[in-house]
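Participant: Model the following, please.
(2 chains, ligands or ions: 4)
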Amino acid sequence: MSIHFKNVNYIYQQATPFEQQALFDISLTIPSGSYTAIIGHTGSGKSTLLQHLNGLLKPTSGQITIEKQIITPTTKNKALSSLRKQVGIVFQFPEAQLFEETVLKDIAFGPKNFGSSEQEATQLARQMAHLVNLPEELLEKSPFELSGGQMRRVAIAGILAMEPQVLVLDEPTAGLDPRGRAEIMEIFQALRIKQHLTIILVTHQMDDVARYANHVIVLEKGRLLASGTPTEIFSDPDWLRTHHLALPQATRFASALQKKSGFEFSKMPLTEEELANQLVQQLGKRG
Amino acid sequence: MEKIIEIADLTFHYPQQDSELLRQVNLTIHKGEWVALIGHNGSGKSTLARLIDGLLVPTTGTLKIGGTILSDASVWQIRKKIGMVFQNPDNQFVGANVEEDVAFGLENLAIPRAQMQVRVKEALQRVNMWEFREHEPARLSGGQKQRVALAGVIAMRPEIIILDEATSMLDPEGRKDVIKIIQELSQAGFTIISITHDINEASLAQRVVVLNDGQILQAATPQTVFARGEKLLAVGLDVPFSEKLKVALSRQGLHVPAGYLTEEGMIDWLCQSISKT
Ligand SMILES: Nc1ncnc2c1ncn2[C@@H]1O[C@H](COP(=O)(O)OP(=O)(O)OP(=O)(O)O)[C@@H](O)[C@H]1O
Ligand SMILES: Nc1ncnc2c1ncn2[C@@H]1O[C@H](COP(=O)(O)OP(=O)(O)OP(=O)(O)O)[C@@H](O)[C@H]1O
Ligand SMILES: [Mg+2]
Ligand SMILES: [Mg+2]
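Facilitator: Ligands and ions are numbered 1, 2, ... in the order given. Next up is the predicted model:
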């Protein structure tokens, strides 16, 4: 499903003394089947933008097109119910989306709500719990009596159980331990390849952007600052520094190494594998 | 050195669980020490933090804070010495706006109003959130919430500061900022326990305590713990980048040094290798 934003503005608490504009004239395209990363500072508008993708927030002005569905300031919620099945959002704080009595019921809620039978929904929930490595003994517990990382997994499993076509992830690995983080990122990647999902990921982990995304959108203070491939976005360390953005570790390392001379990188590496490749080539060529 | 936290033979069991979560935990933390508490998801880190803060009661064993045994009688006095940033900042906001929220912790400490205002302002400025002082905490972005939660603790200046993944939602620059704040607090003599999955944060602590399935597996300097190399993943930390690169290089058939190298060490080694070729 391809997604277009056209001149989107969003103002929180409009016409109150607390009014605050969070998005300014955003126009952008998220190609169908892409793995799009949205990066930017704290408060730059990433979560606000994501919540427009299933009409949880509606633009104050401008419009959003998701495949054939158009969302404008006056779109009614009723018109959005099919969209909410197709676009699944994992929120920044997992607690915000947990509410059932047990973990299993919580994960099964989505499919049940969208018409699966109790049995189908429960079976799917078990399958998804297993996929995200939730131990069996947690399934009958209250989702609020879990550790932070376990809650995160429940929230992710709940969205995966909806089998959405667009998977929207707001810092989905915050609070996961690094092994869990890698496992969950691989699960998303596998789903994208197998089921041709469109993935939209908000993250502060530039290594994940470098490894998984093929399209990057940079926000700054509610405005679109840049968009392009990870290679394009990470090609200019000085530009990134000016805008207080970080580099992937491999790129940062390569740039430090280049300064100490001896090595030259024609194309800045984005991952440790790319970096190792270029290092071995250069060491080999001279040797 | 003065002992500020003494945990002896502690076990803990959530009533809803069939088995003990924390087993035979013994740990002494000295005044002014910065300890990083690490461990995989569900290993018991937040539970241990809640026990130290007196929010949970041990099943067996004792906890002493500043020499006083934690009990029903002492808990209120002890809690004034401890400031905690919870894993989910939404669970700790009480004020209607950011400024009131940060001030709230001080009201319990009976600090004069004028001094309170100064402290609140300083703390909010320190985390770059002063301009948001009139905002409602619930209506902030994720990273902004974490900064405000930290300001609350900075303003309180408690003897013991516990940070439960207080940097998990910050952008890379914000994370560096907060790590710097922790460093400054540590140098100023505060005792700090930071629970984290971030290797950079852990590397700056004086001691890393590894919690594994409810037991303390290791308590040692960061260097000693990081010597686990790729096995760090099992205890909830990432492998340092220099180690990842070494693995990638040896997969390509390159001979790499056996011991642990820092990034600078790795750069030096690579520079030497290329000059030899
Ligand atoms: N519910 C709300 N009401 C009013 N203002 C809000 C609300 N949510 C966010 N804001 C404000 O809108 C701006 C953008 O917030 P948003 O949550 O989109 O940022 P973000 O890029 O996701 O940041 P982070 O990386 O910290 O999560 C911020 O200045 C924030 O204070
Ligand atoms: N309120 C509770 N009631 C019952 N069990 C709980 C409760 N809170 C946590 N647990 C369980 O205790 C274990 C340890 O949880 P804890 O929150 O201490 O882990 P943690 O090390 O902080 O993990 P994380 O890195 O995911 O935050 C988990 O298996 C969890 O399910
Ligand atoms: Mg956000
Ligand atoms: Mg925890």
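
Participant: May I ask which helix or strand encompasses residue 26?
Facilitator: This is for chain A. With elements taken from DSSP states H and E, the one containing A:Ile26 is strand A:20-30.

Participant: Oops, wrong one, chain B.
Facilitator: strand B:22-30.

Participant: Over to A:Met268?
Facilitator: Taking DSSP H and E as the definition, A:Met268 sits outside all helices and strands.

Participant: In the helix or strand of chain B with the lowest mean pLDDT, which of the residues would be classed as buried?
Facilitator: For chain B, the helix or strand with the lowest mean confidence is helix B:263-276, at a mean of 88 (criterion: mean pLDDT, DSSP states H and E). For helix B:263-276, burial by neighbour count (16 or more other Cβ atoms under 10 Å in any protein chain shown) applies to B:Glu263, B:Met266, B:Ile267, B:Leu270, B:Ser273, B:Ile274. Bear in mind the C-beta positions are built from the backbone N, C-alpha and C, glycine included.

Participant: Wait, the third one touches A:Ser255, no?
Facilitator: Which is B:Ile267. No: counting by Cβ atoms under 8 Å, A:Ser255 is not a contact partner of B:Ile267; they are 11.1 Å apart.

Participant: same for the strand holding A:Ile26, what does it pack against?
Facilitator: strand A:3-12, helix A:46-50, strand A:61-66, strand A:215-220, strand A:223-228 (3 or more Cβ pairs under 8 Å, 6 or more residues apart in numbering or on different chains; DSSP states H and E).

Participant: Point out the most buried one among these.
Facilitator: helix A:46-50 (a mean of 24; mean count of other Cβ atoms under 10 Å in any protein chain shown).

Participant: For it, which outside residues touch it?
Facilitator: With contacts defined as Cβ atoms under 8 Å, 6 or more residues apart in numbering or on different chains, helix A:46-50 is touched by A:5, A:10, A:12, A:22-23, A:26, A:38-40, A:57, A:89, A:92, A:168, A:170, A:200, A:202, A:219, A:222, B:141-142.

Participant: Skip the chain neighbours and tell me the closest residue to A:Val8.
Facilitator: Excluding the flanking residues, the one nearest A:Val8 by Cβ to Cβ, 6 or more residues apart in numbering or on different chains is A:Gly62, at 3.8 Å.

Participant: Also B:Ile267?
Facilitator: Closest residue in space to B:Ile267, ignoring its immediate chain neighbours: A:Leu257 at 5.5 Å, by Cβ to Cβ, 6+ apart.

Participant: pLDDT score for that neighbour?
Facilitator: Turning to A:Leu257, the model gives it a pLDDT of 92.

Participant: Quick one: distance of the strand holding B:Asn26 to the chain centre.
Facilitator: Relative to the mean C-alpha coordinate of its chain, strand B:22-30 is positioned 16 Å out (Cα atoms, centre = their mean, to the nearest Å).

Participant: could you say what helices and strands the least confident helix or strand of chain B packs with?
Facilitator: When contacts are defined as 3+ Cβ pairs under 8 Å, 6+ apart, helix B:263-276 packs onto helix A:249-259, helix A:272-286, helix B:241-251.

Participant: ok, of the ones you listed, where does mean pLDDT dip lowest?
Facilitator: Across these, helix A:272-286 has the smallest mean pLDDT, namely a mean of 87.

Participant: On the pLDDT front, check the closest residue to A:Ser227 other than its chain neighbours for me.
Facilitator: Spatial nearest neighbour of A:Ser227, excluding adjacent residues (Cβ to Cβ, 6+ apart): A:Ile217 at 4.7 Å. For A:Ile217, the pLDDT comes out at 98.

Participant: Provide the partner residues of A:Ile217 in its beta bridges.
Facilitator: Per DSSP bridges, the residues bridged to A:Ile217 are A:Ile38, A:Ser227.

Participant: The lowest-mean-pLDDT helix or strand in chain A vs helix B:263-276, what angle?
Facilitator: Least confident helix or strand, chain A: helix A:272-286 with a mean of 87, by mean pLDDT, DSSP H and E. With axes from the mean of the first three to the mean of the last three Cα atoms, to 10 degrees applied, the angle from helix A:272-286 to helix B:263-276 works out at 20 degrees.

Participant: Please, which helix or strand holds B:Ile161?
Facilitator: strand B:160-164.

Participant: List of residues touching that strand?
Facilitator: Applying Cβ under 8 Å, 6+ apart, the contact partners of strand B:160-164 are B:4-5, B:45-46, B:49, B:52-53, B:65, B:81-87, B:150, B:153, B:182, B:185, B:190-196.

Participant: Stretch A:216-234 now?
Facilitator: Applying Cβ under 8 Å, 6+ apart, the contact partners of stretch A:216-234 are A:21-28, A:30, A:36-41, A:43-46, A:48-49, A:206, A:209-210, A:213-215, A:240, A:243, A:245, A:247-248, A:251, A:267-268, A:270.

Participant: So which of those reach ligand 1?
Facilitator: With the criterion set as Cβ under 6 Å from any ligand atom, the members of those near ligand 1 are A:Ala22, A:Gly40, A:Gly43, A:Ser44, A:Gly45, A:Lys46, A:Thr48.

Participant: And for B:Ala202, nearest residue in space, chain neighbours not counted?
Facilitator: The shortest distance from B:Ala202 to any non-neighbouring residue, by Cβ to Cβ, 6+ apart, is to B:Ala36 (4.1 Å).

Participant: Just confirm that neighbour is within a strand.
Facilitator: Yes: counting by DSSP: H, G, I helix; E, B strand; the rest coil, one finds B:Ala36 located in a strand.

Participant: show me where chain B has helices.
Facilitator: B:45-52, B:75-79, B:98-107, B:113-126, B:142-156, B:172-187, B:199-204, B:222-226, B:241-251, B:263-276 (DSSP state H).

Participant: Tell me the bridge partners for the one residue sitting closest to the centre of chain B.
Facilitator: By Cα atoms, centre = their mean, chain B has its centre lying nearest to B:Ser194, at 1.2 Å. Beta-bridge pairing for B:Ser194 (DSSP bridges): B:Ala36, B:Leu163.

Participant: wait, what's in contact with it?
Facilitator: Applying Cβ under 8 Å, 6+ apart to B:Ser194 gives the contacts B:Trp34, B:Val35, B:Ala36, B:Leu37, B:Ile162, B:Leu163, B:Ala166, B:Ile182, B:Glu201, B:Ala202, B:Ala205.

Participant: Pull the number of nearby residues for the fifth one.
Facilitator: Translated: B:Ile162. By other Cβ atoms under 10 Å in any protein chain shown, the residues close to B:Ile162 number 26.

Participant: I'd like to know how far the residue nearest to A:Gly88 when sequence neighbours are not counted sits from B:Met129.
Facilitator: Counting by Cβ to Cβ, 6+ apart, the nearest residue to A:Gly88 once its immediate chain neighbours are dropped is A:Pro164, at 3.4 Å. Plainly put, A:Pro164 is 35 Å away from B:Met129 if you go by Cβ to Cβ, to the nearest Å.

Participant: now swap in A:Leu50 and tell me
Facilitator: Counting by Cβ to Cβ - A:Leu50 and B:Met129 are separated by 22 Å.

Participant: still on that earlier bit, which residues are in contact with the least confident helix or strand of chain B?
Facilitator: Under Cβ under 8 Å, 6+ apart, the answer for helix B:263-276 is A:253, A:256-257, A:260-263, A:279, A:282-283, A:286, B:240-242, B:245-246, B:257, B:261.

Participant: repeat that for 6 Å
Facilitator: A:Leu257, A:Lys260, A:Gly262, B:Ser242 (Cβ atoms under 6 Å, 6 or more residues apart in numbering or on different chains).

Participant: Next: stretch B:115-127.
Facilitator: B:Val102, B:Ala103, B:Leu106, B:Trp130, B:Arg147, B:Leu150, B:Ala151, B:Ile154, B:Ala155.

Participant: please redo it, this time with the cut-off set to 7 Å
Facilitator: Here stretch B:115-127 makes contact (Cβ atoms under 7 Å, 6 or more residues apart in numbering or on different chains) with B:98-99, B:102-103, B:106, B:130, B:133, B:147, B:150-151, B:154-155, B:181.

Participant: What is the nearest of those to chain A?
Facilitator: B:Arg147 (7.5 Å; Cβ to the nearest Cβ).
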